[in-house]
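>>> Take a look and give me a structure for this.
(one chain, ligands or ions: 2)
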Amino acid sequence: MANVGSERSQSLWMSDGLSIAAGHLGTDASCDVVIVGAGIAGLSCAHELTRLGRSVIVIDRGPIGWGMTLRTTAHLASALDDYYSELIKVHGEGQARLYHDSQVAAINRIEAICEDIEADFARVDGFLFPAKPSHISTLEKEFDACSKIGVDVDWYECAPLPGADTGRCLRFPRQARFHPGKYLAGLAAQIVREGGRLYSDTAYIEHETNGGAVTVQTEGGHCIRAQTAIFATNSPVNDRVAIHTKQTPNRTYVVAGPVPKGSVVDALYWDTLEAYHYVRLQPLDDRSDMLIVGGEDHRSGEAHDMDDRLAALGDWTRQHFPSFGGVEHRWSGQVLEPIDFMPFSGRNPGDSNIYVHTGDSGQGITNGVAGALTIVPLILGQDARFADLFDPSRKPLGGPALGEFAKGQVGVISNIAEHLGPSEVSSVDEIAPGEGAILRDGSIGKLAIYRSEQGELIRRSAICTHIGCVVHWNTLEKCWDCPCHGSQFAPDGQVLNGPAISPLPVQGKRQND
Ligand SMILES: Cc1cc2nc3c(=O)[nH]c(=O)nc-3n(C[C@H](O)[C@H](O)[C@H](O)COP(=O)(O)OP(=O)(O)OC[C@H]3O[C@@H](n4cnc5c(N)ncnc54)[C@H](O)[C@@H]3O)c2cc1C
Ligand code: FES
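Ligands and ions are numbered 1, 2, ... in the order given. Reported below is the predicted structural model:
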């Protein structure tokens, strides 16, 4: 069974070969809390619960830890990529202050856990610099907003980018970075030591609640009975609509390559573009560090020029960091952008013993940990400081949030129109080996057709099994992306990422193929 870890591009962290021992669930089981999804959110919940003596089972459709968390760049930031000036407009100063506290709490928690786990954790400064001189007003607004809510920030003459004079920038002290693979491996080892059970290759397909209990059914035909379930599958698989209308999926791209040690200051860097660049270092050896640069985002499924985007990232990196030794790793991943800038983390709408975490945006590592610091006290009946803030049942508030909501819905509506639109190719002959395309078949509708490197044609329905949008071919990752809510499917139709649970159905050969 697979997940996004088996998409074609491999991150820097994947190349280090994360391997967490876990087999698939081969029998029925029971526990206090069943957690679906073994990324930063699911494993952080499991870690907090097992150390408090709860019996926990974690299942994942793929290898443990090989979800979006292994495609991250792992900036641990209490600075906000969507800007506190925007957050205040939507939620007010009090809630914005509380959100900042949640990110500080998450970084502090990771730092404390890293006393027992060697995961290259380090406190560093974060620099927000203007991509263009005219963007200085964005920084001024952000400085004012941060000052109002007590975020520690100061002006700096220039960000320490060796190849660019950025002009004035903002410095956020006490940000951090770590190695996500080493961190997840350490968490998993502690969970198992405390009696937690981890099962890889074990996909959730459905659940039912009965009184105070929940039963989770796996694709392998086994069930897990528990008092409580947590869904931490990046994009929720337990919910068909409610949360999915409040977030949109975006692809983002990363390149990484070596720089001589000392040639780049160990810090986090962001510019002010809408698809902003995000930069950090990862220590490599005595002589070099790895420079990691991300950006070039777009709505999932809406671009085919991935190679150009990665090339642009490489060019930008060489220009801003002249000591960059060239691209050694390139990858992409998906982030879910909540319309009001904050994650959804807490009781699942309408349920008393089902919890959900999603809506990470570019802060998914800190949000995943803040989510665990919210969900676990809620389960234990304790005060959860961020529970109202992250409430998955919250309605989109006014202003910018409604604008974001409308933008997200335009994507869904235009996708619905695609059902009636033309084919991308008029014949399968136009599909090159290793590529996929959408072909309209009069009687059946739209087909997602992939031609393997050996020339074999694989025909699947192009209709996403979540709620029916048309999937798009991703030529970089060699997968089918659903632009509506983030599902991803392998070339043979099997699910790689939720919210879809079922594969794209097999479709037969057309008469004129
Ligand atoms: C390129 C990139 C850069 C990023 N940079 C940053 C950054 O600098 N800082 C930051 O804070 N965040 C960043 N993020 C965001 C952050 O990495 C993610 O939001 C976060 O890792 C998501 O964690 P998760 O636990 O929610 O999901 P995942 O890690 O995806 O875990 C979910 C798990 O659920 C499993 N699953 C799915 N469906 C099922 C099912 N039916 N049954 C069983 N299991 C299932 C999956 O296999 C997966 O392993 C970045 C993301 C990307 C892609
Ligand atoms: S992910 Fe919702 S329709 Fe595809």
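>>> And the strands in the stretch 201-350 of the chain?
204-210, 213-218, 223-231, 247-260, 268-270, 278-283, 288-299, 329-338, 344-347 (DSSP state E, counting those that start in this stretch).
>>> quick one, which of the ones you listed is nearest to ligand 1?
strand 329-338 (2.3 Å; Cβ to the nearest ligand atom). (Each C-beta comes from the backbone N, C-alpha and C, glycine too.)
>>> Find the closest residue to ligand 2 in the stretch 101-250 of the chain.
Closest point on the stretch 101-250 of the chain to ligand 2, by Cβ to the nearest ligand atom, is His244, at 6.2 Å.
>>> Name the nearest residue to Leu76, sequence neighbours excluded.
Ala176 (3.9 Å; Cβ to Cβ, 6 or more residues apart in numbering).
>>> In terms of helices and strands, where is that neighbour?
strand 169-177 (DSSP states H and E).
>>> What residues sit buried inside whichever helix or strand comes after that strand?
Counting by DSSP H and E, the element after strand 169-177 in chain order, helix or strand, is helix 180-193. For helix 180-193, burial by neighbour count (16 or more other Cβ atoms under 10 Å) applies to Pro180, Gly181, Lys182, Tyr183, Leu184, Ala185, Gly186, Leu187, Ala188, Gln190, Ile191, Val192.
>>> Ignoring the adjacent residues along the chain, who's closest to the last one?
Excluding the flanking residues, the one nearest Val192 by Cβ to Cβ, 6+ apart is Leu198, at 6.6 Å.
>>> tell me the contacts of the nearest residue to Glu328 once chain neighbours are set aside?
Sequence neighbours aside, Gly257 is the residue nearest to Glu328 in space, at 4.7 Å (criterion: Cβ to Cβ, 6+ apart). Contact partners of Gly257, counting by Cβ atoms under 8 Å, 6 or more residues apart in numbering, are Met290, Leu291, Thr317, Phe324, Gly325, Gly326, Val327, Glu328, His329.
>>> Considering only these, which also neighbour ligand 1?
Applying Cβ under 6 Å from any ligand atom, the subset of the contacts of Gly257 adjacent to ligand 1 is empty.
>>> For ligand 2, state which of those residues is nearest.
His329 (28.0 Å).
>>> pretty sure the closest one is in contact with Gln282, am I right?
No - His329 is beyond contact range of Gln282, at 10.4 Å (criterion: Cβ atoms under 8 Å).
>>> Spell out which residues are contacts of both of those two.
Contacts common to His329 and Gln282, judged by Cβ under 8 Å, 6+ apart, are Leu12, Ala256, Met290.
>>> List the contacts of Arg287.
Contacts of Arg287 by Cβ under 8 Å, 6+ apart are Pro260, Lys261.
>>> let me fix that: Met14
Gly5, Trp66, Leu70, Arg71, Gly181, Trp331 are the contacts of Met14 under Cβ under 8 Å, 6+ apart.
>>> Report the separation between it and Thr72.
Using Cβ to Cβ, to the nearest Å, one gets 11 Å for the distance from Met14 to Thr72.
>>> what does Gly39 give?
From Gly39 over to Thr72 (counting by Cβ to Cβ), the distance is 9 Å.
>>> same thing with Cys31?
For Cys31 relative to Thr72 (Cβ to Cβ), the value is 28 Å.
>>> The two - which one has more neighbours?
When neighbours are counted by other Cβ atoms under 10 Å, Cys31 and Thr72 differ, and Thr72 comes out ahead with 25 against 20.
>>> how about the nearest residue to the more buried one, chain neighbours excluded?
That would be Pro180: by Cβ to Cβ, 6+ apart, it lies 5.5 Å from Thr72.
>>> okay, that neighbour: pLDDT?
In this prediction, Pro180 carries a pLDDT score of 98.
>>> for it, what are its contacts?
By Cβ under 8 Å, 6+ apart, the neighbours of Pro180 are Trp13, Ile40, Thr69, Leu70, Thr72, Ala74, Ala119, Ile365.
>>> quick one: which of the residues you listed is most hemmed in?
Ile40 (33 neighbours).
>>> Tell me if I'm right that that one and Thr366 touch.
No - with contact defined as Cβ under 8 Å, Ile40 does not count as touching Thr366 (9.1 Å).
>>> would you turn the contacts of Met14 into JSON lines with distance to ligand 2?
Below are the contacts of Met14 laid out as JSON lines (distance: Cβ to the nearest ligand atom, whole Å):
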{"residue": "Gly5", "distance to ligand 2": "19"}
{"residue": "Trp66", "distance to ligand 2": "20"}
{"residue": "Leu70", "distance to ligand 2": "21"}
{"residue": "Arg71", "distance to ligand 2": "18"}
{"residue": "Gly181", "distance to ligand 2": "27"}
{"residue": "Trp331", "distance to ligand 2": "22"}
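>>> how about the helices in this protein?
Taking DSSP state H as the criterion, the chain carries its helices at 12-15, 40-51, 84-113, 136-149, 180-193, 306-320, 364-379, 387-390, 400-418.
>>> For the stretch 1-150 of the chain, which residues are neighbours of ligand 1?
Residues of the stretch 1-150 of the chain lying near ligand 1 (Cβ under 6 Å from any ligand atom): 3, 36-42, 59-62, 66-69, 71-75.
>>> Among those residues, which ones are in strands?
Val36, Ile59, His75 (DSSP state E).
>>> Which among the residues you listed count as buried?
Val36, Ile59, His75.
>>> Show the contacting residues for the residue nearest to the last one when sequence neighbours are not counted.
In other words, His75. Among residues not flanking His75 along the chain, Leu268 sits closest, at 4.8 Å (Cβ to Cβ, 6+ apart). Neighbour list for Leu268: His75, Ala77, Val124, Asp125, Gly126, Phe127, Gln175, Arg177, Tyr278, Val279, Arg280 [criterion: Cβ under 8 Å, 6+ apart].
>>> ok, of these, which one's closest to ligand 1?
Once Cβ to the nearest ligand atom is applied, the member of the contacts of Leu268 that ends up nearest ligand 1 is His75, at 3.4 Å.
>>> OK, contacts around the closest one?
Counted by Cβ under 8 Å, 6+ apart, His75 has contacts Gly126, Gln175, Arg177, Leu268, Tyr278, Arg280, Ile365.
>>> Nice, that's everything, thank you.
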